[in-house]
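Visitor: A structural model of the following input is requested.
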Amino acid sequence: MKRGIGKSHSKIILIGEHSVVYGYPAIAIPLRKIGIECIVEDAKNSFFYNKINTLSVAIFTALKHLKKENAKIKYKITSQIPQKRGMGSSAAVSIAAIRAIFDYFEEDLTDELLEKLVNTAEIVAHQTPSGLDAKTCLSDKAIKFIKNKEFSYIDLNLDAYLVIADTGIYGKTSEAIQSVKNLGSKADIPLKKLGDLTDEMAKILTENSKSKSEMIDKAGKIMTKANTELGKLNITIEKTDLFVKTAIENGASGAKISGGGLGGCVIALAKNLEIVEKIKDGFTKCGAENIWVEKI
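Guide: The predicted model follows:
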């Protein structure tokens, strides 16, 4: 049986969510251990296109590019990435699916074309995608990104741990984006502050300071300040506030929500594995559905 396979990985935004949509920088980190795989095989019937489903759109986008819209195929997804948690599930599934289609038809796929096709599919999942999710899910390095302008890779050297907790509540990206829009000019100051905090974070992540502990403390404070600004944009909720508070009480240098907001994930920065375990225990008691740890 003819078969095509495509893979991708997850991501998490360290800082700059929402403000990135308005032209400010954001920093995102690939989570290479959290993966997704798509397998495409022969089928008796032509592919059924569902334009409100990101995966379906991604497959159709690839088929259309290859002029194979009537291909008789079926697909299967195996994913470790939870949906609607700000971990790039829609971008990652699009990447894996498009790679699988091109592999199935034994067609060459450049990184540039892949990113273009993924962003086309991503418009279905998000009202105004920044492109950050797709770029990070395609990367092995952290990325500083400014929409439609520039991006650069960051070699992380904090020697710290990022604890990522799934609150168990679906993030509501579209609703959160609209909420920020509804604030009008009241959103200007928090958005600019988020941009400034992201620039500060980038400097810390790229400087070669002898005091790692001091760098981690600075980065943590920036994260917590960013969470405060996100709160002013009305995209934090009671449960994410509880997770942030719990992380700091258990020794985190800082904590914040990550992603679209109104649910999703909370991330916390820890200096060592002992603190990591305390934070994980606190998150578990708060009802975390899943917890991941990434060295940064």
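
Visitor: What's the separation between residue 48 and residue 74?
Guide: With distances taken as CB to CB, to the nearest Å, residue 48 is found 10 Å from residue 74. For every residue, glycine as well, the C-beta is placed using N, CA and C.

Visitor: would you list every one of the strands in the stretch 151-296 of the chain?
Guide: Along the stretch 151-296 of the chain, counting by DSSP state E, counting those that start in this stretch, strands occupy 161-166, 254-258, 265-270, 290-295.

Visitor: Output the contacting helices and strands for the second one.
Guide: With contacts defined as 3 or more CB pairs under 8 Å, 6 or more residues apart in numbering; DSSP states H and E, strand 254-258 has these neighbours: strand 3-15, helix 212-232, helix 238-249, strand 265-270.

Visitor: List the residues that contact residue 295.
Guide: If you count contacts by CB atoms under 8 Å, 6 or more residues apart in numbering, residue 295 has them with 160, 161, 162.

Visitor: try 7 Å
Guide: For residue 295, the contact set (CB atoms under 7 Å, 6 or more residues apart in numbering) comprises residue 161.

Visitor: again with residue 107
Guide: Residue 107 makes contact with residue 66, according to CB under 7 Å, 6+ apart.

Visitor: a markdown table for the strands of the stretch 151-296 of the chain, including distance to residue 216 and mean pLDDT?
Guide: Written out in a markdown table, the entries for these read as follows (distance: least, CB to CB, whole Å; pLDDT from 0 to 100):
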| stretch | distance to residue 216 | mean pLDDT |
| --- | --- | --- |
| strand 161-166 | 9 | 97 |
| strand 254-258 | 9 | 97 |
| strand 265-270 | 6 | 97 |
| strand 290-295 | 12 | 95 |
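
Visitor: Nearest approach to residue 221 belongs to which of those?
Guide: When the strands of the stretch 151-296 of the chain are compared for distance to residue 221 using CB to CB, the nearest one is strand 254-258, at 5.7 Å.

Visitor: Contacts made by that closest one with the rest, please.
Guide: Outside of strand 254-258, the residues within contact range by CB under 7 Å, 6+ apart are 12-13, 17, 86, 219-224, 226-227, 230, 236, 240, 244, 247-248, 264-269.

Visitor: So for residue 117, which of the helices and strands packed on strand 254-258 sits nearest?
Guide: In terms of CB to CB, the element of the helices and strands packed on strand 254-258 nearest to residue 117 is strand 3-15, at 11.7 Å.

Visitor: got the CA coordinates for the closest one in PDB?
Guide: What follows is strand 3-15 as a C-alpha-only set of coordinates in PDB (Å, rounded to 0.1, in the frame of the first residue of the first chain):
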ATOM      1  CA  ARG A   3       2.000   5.600   2.100                       C
ATOM      2  CA  GLY A   4       3.200   9.000   3.000                       C
ATOM      3  CA  ILE A   5       4.500  10.100   6.500                       C
ATOM      4  CA  GLY A   6       4.900  13.600   7.900                       C
ATOM      5  CA  LYS A   7       6.000  14.700  11.400                       C
ATOM      6  CA  SER A   8       6.200  17.900  13.400                       C
ATOM      7  CA  HIS A   9       6.600  19.100  17.000                       C
ATOM      8  CA  SER A  10       4.900  21.400  19.500                       C
ATOM      9  CA  LYS A  11       5.800  24.900  20.700                       C
ATOM     10  CA  ILE A  12       5.200  27.300  23.500                       C
ATOM     11  CA  ILE A  13       5.300  31.100  23.600                       C
ATOM     12  CA  LEU A  14       7.700  32.400  26.200                       C
ATOM     13  CA  ILE A  15       6.500  36.000  25.900                       C
END
